[in-house]
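Asks: Build me a model from this:
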Amino acid sequence: FTTHLWKRSALALLVYINGALQICLLRCAFSDMYKDNIQFFLFTLFVIRITIKVAFTSFMCELMLTVPIAITNQTLAVFTLLAAPTLFDFLVMYVALIGLQFMERIYIGPNEDVVMGKLAVWQRTL
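Replies: Presented below is the predicted three-dimensional model:
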């Protein structure tokens, strides 16, 4: 019972932290600086999304519990594309986002398990 209670409270804390981070990112997404450098910020959001997924999965030790957090991050990345100045920029960035997701599922996704396994072995040696 204690294990389940710990995981629920830790998951609630991670969801709260992620929500606060996502609100800050959404506020920044509609600034002029974001509109001028939308490609850079799109790639940065992608890297942040992968980092959050790996960090939270490492902390929780279960991938299925962190799926809602990953889906929220992915949805926010699409919402921030609405800050594009023109429809053409939005469409180009949407295609770029789909390309990043394609690369994530083919290359990064399978290698996450290898990294998480090596991270677990490294933590046990400490």
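Asks: need the contact list for the most centrally placed residue in the chain.
Replies: Geometric centre of the chain, nearest residue: residue 49, 1.8 Å, by Cα atoms, centre = their mean. Contacts of residue 49 were listed using Cβ atoms under 8 Å, 6 or more residues apart in numbering, and they are 70, 73-74, 77. Quick note: C-beta positions are derived from backbone N, CA and C, even for glycine.
Asks: Kindly recompute the last result at 6 Å.
Replies: Residue 49 sits next to residue 73 when contact means Cβ atoms under 6 Å, 6 or more residues apart in numbering.
Asks: quick one: whichever helix or strand it is part of to chain centroid distance?
Replies: Counting by DSSP states H and E, the element that carries residue 49 is helix 38-60. Put simply, helix 38-60 sits 4 Å off its chain's centre (Cα atoms, centre = their mean, to the nearest Å).
Asks: Check stretch 112-126 too.
Replies: On Cα atoms, centre = their mean, the centre of stretch 112-126 falls 20 Å from the chain's centre.
Asks: Counting neighbours, which bits of it end up buried?
Replies: Within stretch 112-126, no residue is scored as buried using 16 or more other Cβ atoms under 10 Å.
Asks: Then stretch 16-28?
Replies: Applying a neighbour-count criterion of 16+ other Cβ under 10 Å, the buried positions in stretch 16-28 are 18, 22, 25.
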